[in-house]
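Undergrad: take a look and give me a structure for this.
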Amino acid sequence: MSTDPCPAGHPVPAYAAGVSTHDVTNQVPALSGHSLLTTDPALEEGLRRWSSPAAYEDIASLGELAGRPEAQRAGELANVHTPVLRTHSPTGERLDEVEFHPSWHQLMDTAVAHGLTAAPWAEPQGSGAHVRRAAGFIVWSQVEAGHLCPVSMTYAAVPALAHNPALAAAWVPRLASREYDPGLRPLAGKRGAIAGMGMTEKQGGSDVRANTTRAERTEGGPLGGGDTYRLTGHKWFMSAPMSDAFLVLAQAGAGPTCFLVPRVLDDGSRNALALQRLKDKLGNRSNASSEVEFDGTWGVRVGDEGRGVRTIIDMVASTRLDCVLGSTATMRQALARAVHHTRHRSAFGALLVDQPLMRNVLVDLALESEAATTVALRLAHAVDEGDSEFSRLAVAVSKYWVCKRTAPMVAEALECLGGNGYVEENGLARLYREAPLNSIWEGSGNVNALDRAITEVAEAGRYAAEPGAAAGARRVVERLAVTLQASLLAQHAPAEVADAFIASRLEGGHGHTFGTLEASLVDAVSGRVIDRAFGA
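TA: Numbering: from 1, shown residues only. A predicted model of the protein is given here:
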């Protein structure tokens, strides 16, 4: 090889002469400038199928907004500039406030303005309002997942508050408002309100009946809406501590009881709610989760004494639905990034998307995402229609399965990007950290299968609970979930999607990991399935 001397006397390879060290080739353009609704046919078709033209227009505008670089930048900033707990003022008074970057408030404002909090509960049954919200939740979660936690709990608080009509009359209009009005003030002075939840304690976790926080009935408290109590105890995990009010479980005379605990009392003074620390948790960095001390904290009873678990289950059912929606969004965004990357990145002489084994992976991921999307919107449709029998069973089963599938799917999508997916600036790393969340929230896999899904199946008469059945609960729930997804795809998806899902998930044409579809199946459907997966 010929060489030319450089000034320092070191030889320079001839092939490198005149080539900049910073020429960039074979890199992928930024994924932005597209609608997160119209590039997702499964979501768009489901929204049209189960909601109204006005709802479609609402979510179409949100989908356009979600694809803009400005929205994506807000999601990044909310995770870089994390919440800060301010326990005391400079002069020593208790503050117990959480400060957020302006990007957080920007994201919240958009979510509330598009009715992603409790707005559907204020609309007529059968209007498709819950499907509209579900589609919006899936779209906007892909921008940033953390702020959807308080959005979800605000939505879910309404069914629990129905156990106290006076509280519901005061709070639901603000929870359903499309105006985001942050700041700690009495409810009467707010245009909109956000709700949180505090159930778990150090010694109990999911076993909320083991809670030790006490509630003593105290007549004439500084809160309207019902019987007032003073709470004393510690909550190990209280979500969204900047919320205007929380649904909380505490032990009253008759047992675990549900309470509404506002941050600010009716006279404008602060409730005795001391934030001890913010959790350093896996997943998003944007949302604040906290530990809190109640010391004579005022609350209003929601539902009967001793029936707190049953009362708050109505909230849990709605947050479980949002776990399915959030996991669906995470999978969808991971799939979109994988397809986008492979369409622009070359390796071994061809675009990645044209490599046979990569096509196998992408088709498999696309099937999983479309199945999750379709079942998620069908669950919301059941809420719209008041179909409680289907909803009770299907939400429990789908919460277990869709959330459980998210982590391995996102990991596989990340592999499609290789090292480019492993760095935080790409966005997939944040999705990967977020992926396990919804499997843990509102009951981990075992809790959900045993305490939720199997109970619902048995009560619905579809499964005969026998001694030793608990050990097989996951298997039963898995079969139910996949069969439900297959049924919905057979009804609503293109034949190539439905047939490939059934062949791979029910008829044995699949290995143990993603990308193990039978080669003949991939050859037959890959072009149509991949093109449908991301229409940008």
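
Undergrad: CA only for contacts and neighbour counts going forward, please
TA: Fine.

Undergrad: how close does Ala60 get to Leu116?
TA: Taking CA to CA, to the nearest Å as the measure, Ala60 falls 14 Å from Leu116.

Undergrad: of the two, who's got more company?
TA: Neighbours around Ala60 and Leu116, counted as other CA atoms under 10 Å, are more numerous at Leu116. The numbers are 27 against 20.

Undergrad: got the confidence number for that one?
TA: Listed pLDDT for Leu116 reads 98.

Undergrad: that one and Ala135 touch, don't they?
TA: No - assessed by CA atoms under 8 Å, Leu116 is found out of contact with Ala135, at 9.4 Å.

Undergrad: and the residue lying closest to Gln333 once chain neighbours are set aside, how many neighbours does it have?
TA: The shortest distance from Gln333 to any non-neighbouring residue, by CA to CA, 6 or more residues apart in numbering, is to Gln142 (5.9 Å). By the measure other CA under 10 Å, the count of residues near Gln142 is 22.

Undergrad: residues contacting Gln142?
TA: 66, 329-330, 332-333 (CA atoms under 8 Å, 6 or more residues apart in numbering).

Undergrad: redo those residues as a markdown table? Include secondary structure and distance to Phe348.
TA: Below are the contacts of Gln142 laid out as a markdown table (DSSP: H, G, I helix; E, B strand; the rest coil; distance: CA to CA, whole Å):
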| residue | secondary structure | distance to Phe348 |
| --- | --- | --- |
| Ala66 | helix | 34 |
| Ala329 | helix | 32 |
| Thr330 | helix | 30 |
| Arg332 | helix | 28 |
| Gln333 | helix | 26 |
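
Undergrad: would you turn these into JSON lines with neighbour count, distance to Leu167 and pLDDT?
TA: Below are these laid out as JSON lines (neighbours: other CA atoms under 10 Å; distance: CA to CA, whole Å; pLDDT from 0 to 100):
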{"residue": "Ala66", "neighbour count": "26", "distance to Leu167": "35", "pLDDT": "98"}
{"residue": "Ala329", "neighbour count": "27", "distance to Leu167": "33", "pLDDT": "98"}
{"residue": "Thr330", "neighbour count": "30", "distance to Leu167": "35", "pLDDT": "98"}
{"residue": "Arg332", "neighbour count": "30", "distance to Leu167": "38", "pLDDT": "98"}
{"residue": "Gln333", "neighbour count": "25", "distance to Leu167": "38", "pLDDT": "98"}
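
Undergrad: got TSV for the residues you listed, with distance to Met358 too?
TA: Formatted as TSV, those follow (distance: CA to CA, whole Å):
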residue	distance to Met358
Ala66	28
Ala329	22
Thr330	20
Arg332	18
Gln333	18
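
Undergrad: from these, which is closest to Leu161?
TA: Ala329 (27.7 Å; CA to CA).

Undergrad: any idea how far Gly299 is from the closest one?
TA: For Ala329, the distance to Gly299 (CA to CA) stands at 35 Å.

Undergrad: how about the strands in the stretch 51-200 of the chain?
TA: Secondary structure of the stretch 51-200 of the chain (DSSP state E, counting those that start in this stretch): strands at 84-88, 94-99, 195-200.
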